[in-house]
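Student: Coordinates only, no sequence provided:
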């Protein structure tokens, strides 16, 4: 193993990836005297830029709004301050946080504020995914943060690690990079136990591995190693690997740009495709169905195609955008279930565009969520 980088962790290969989420915590962005510092953010931004130039896509999930707001109104957050005070600081600091990231990139930086409720709600989930995919298509750099101004749980729990895992699943990322203020996962807290051993590779997140996680780290952040392992477990369940590394080490970050990881690699439980297809097969169905003609049925079965409005015959029931529904074909023996998937349109909308070309959707409905009734990534043939 190459040990040219000064790190207790030995070198290993970064997983192959085309799309990634990079989570950056407050401890890497907060200045000692309050506010934000570019000291560690610059190297992480260079990592992002190098990979974007190589044709990859990156979404940043960034903490730091409260720390930035504290510098603007330093006395606002005192001992025993109400949650509203933290939310106000987040609102004040959000522009500073986006400004910090924008200064490092020539491409536009887009602010995306989400809460866990946004991602639990299937319709808002689809809207968030469509927005992020479009930003990436336009060449922008999305910077996601929890919407602290209206959200409570995230500020209480410091849950940006789990939010990053959810965003990774949302955009079908290949890997989740978590930049932290220590070198990776240890067998115990290295700041308290000199015998703590570095854990380079985690094939499976067992109870014993989870027990290695300590509490919260620096005072600037609210998430510790335990939340990072929770995030890795969540990402792993949908086939996404996680890499933990020290974002304060310029050498470690530069090595990461070269595909060399000095940190902890946490493997996924299964492939991303297998996890996605399993969910599509077993997620609860809503009442109703989309009926398709023979041409659409052949395209779904034989070509792995998306379902377009031109192949739709009718819609049964009263399902809504984002619902999991069946796709059926009428035969002489009755209706046959061909597939199931997440509908991009409600039943009433589908009835209005059935049999039409995708380009007619907006003129008929007055809006559109894309040219597919069900995208092939949201569909499984039975």
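Tutor: Happy to help now that I have it. The structure displayed is predicted, hence computed values, not measured ones.

Student: where do the helices sit along the stretch 51-200 of the chain?
Tutor: For the stretch 51-200 of the chain, helices defined by DSSP state H, counting those that start in this stretch occupy the ranges 65-72, 83-102, 116-120, 122-137, 153-157, 160-170.

Student: Would you mind measuring from residue 374 to residue 184?
Tutor: 41 Å (Cβ to Cβ, to the nearest Å). Where you see a C-beta, it was placed from the backbone N, CA and C, and this is true even at glycine.

Student: Hmm, I typed the wrong one, I wanted residue 116.
Tutor: 26 Å.

Student: out of these two, which sits in the more crowded spot?
Tutor: A count of neighbours by other Cβ atoms under 10 Å puts residue 184 above the other of residue 116 and residue 184, at 27 against 17.

Student: quick one: contacts for that one?
Tutor: 9, 198-200, 244-246, 262-264 (Cβ atoms under 8 Å, 6 or more residues apart in numbering).

Student: List phi and psi for residue 313.
Tutor: In terms of degrees, to the nearest 10, the main-chain angles of residue 313 are phi -100, psi -40.

Student: Residue 373 is in contact with that one, correct?
Tutor: No. Under the criterion of Cβ atoms under 8 Å, residue 313 makes no contact with residue 373, lying 11.7 Å away.

Student: thinking residue 108 is in contact with residue 141, fair?
Tutor: Yes. At 7.2 Å, residue 108 and residue 141 qualify as touching, with contact defined as Cβ under 8 Å.

Student: Can you list the buried residues in the strand or helix carrying residue 328?
Tutor: Taking DSSP states H and E as the definition, residue 328 sits inside strand 324-331. The neighbour-count check on strand 324-331 (16 or more other Cβ atoms under 10 Å) flags 324-329 as buried.

Student: likewise stretch 343-362?
Tutor: 343-347, 349-350, 353-354, 358, 361.

Student: what does stretch 17-31 give?
Tutor: Neighbour-count burial for stretch 17-31 [16+ other Cβ under 10 Å]: 17, 19-30.

Student: Give me the subset of those residues that lies in strands.
Tutor: Under the assignment DSSP state E, the buried residues of stretch 17-31 contribute 19-24 to strands.

Student: of these, closest to residue 339?
Tutor: residue 19 (25.3 Å; Cβ to Cβ).

Student: If you drop the residues flanking it in sequence, what lies closest to that closest one?
Tutor: Excluding the flanking residues, the one nearest residue 19 by Cβ to Cβ, 6 or more residues apart in numbering is residue 57, at 4.5 Å.

Student: what about that neighbour, neighbour count?
Tutor: 23.

Student: Would you mind telling me which of residue 313 and residue 373 has the busier surroundings?
Tutor: residue 373 (29 against 15).

Student: Which pLDDT value belongs to the more buried one?
Tutor: Residue-level confidence at residue 373 comes out at 97, pLDDT.

Student: and if you look at residue 152?
Tutor: 57.

Student: And residue 353, by the same measure?
Tutor: 97.

Student: check contacts around it.
Tutor: Taking Cβ under 8 Å, 6+ apart, one finds 309, 312, 345, 360-361, 364-365, 373 in contact with residue 353.

Student: Just the closest of the residues you listed to residue 86, please.
Tutor: Set against residue 86, the nearest of the contacts of residue 353 by Cβ to Cβ is residue 345 (39.1 Å).

Student: Can you find the helix or strand of the chain with the lowest average pLDDT?
Tutor: Counting by mean pLDDT, DSSP states H and E, the weakest-scoring helix or strand in the chain turns out to be helix 153-157, with a mean of 45.

Student: pretty sure residue 245 is touching residue 266, no?
Tutor: No. Judged on Cβ under 8 Å, residue 245 makes no contact with residue 266 at a distance of 11.6 Å.

Student: who touches the strand holding residue 328?
Tutor: With Cβ under 8 Å, 6+ apart, strand 324-331 has contacts from 280, 283-286, 288-294, 297, 300, 307, 313, 317, 319, 335-343, 374, 379.
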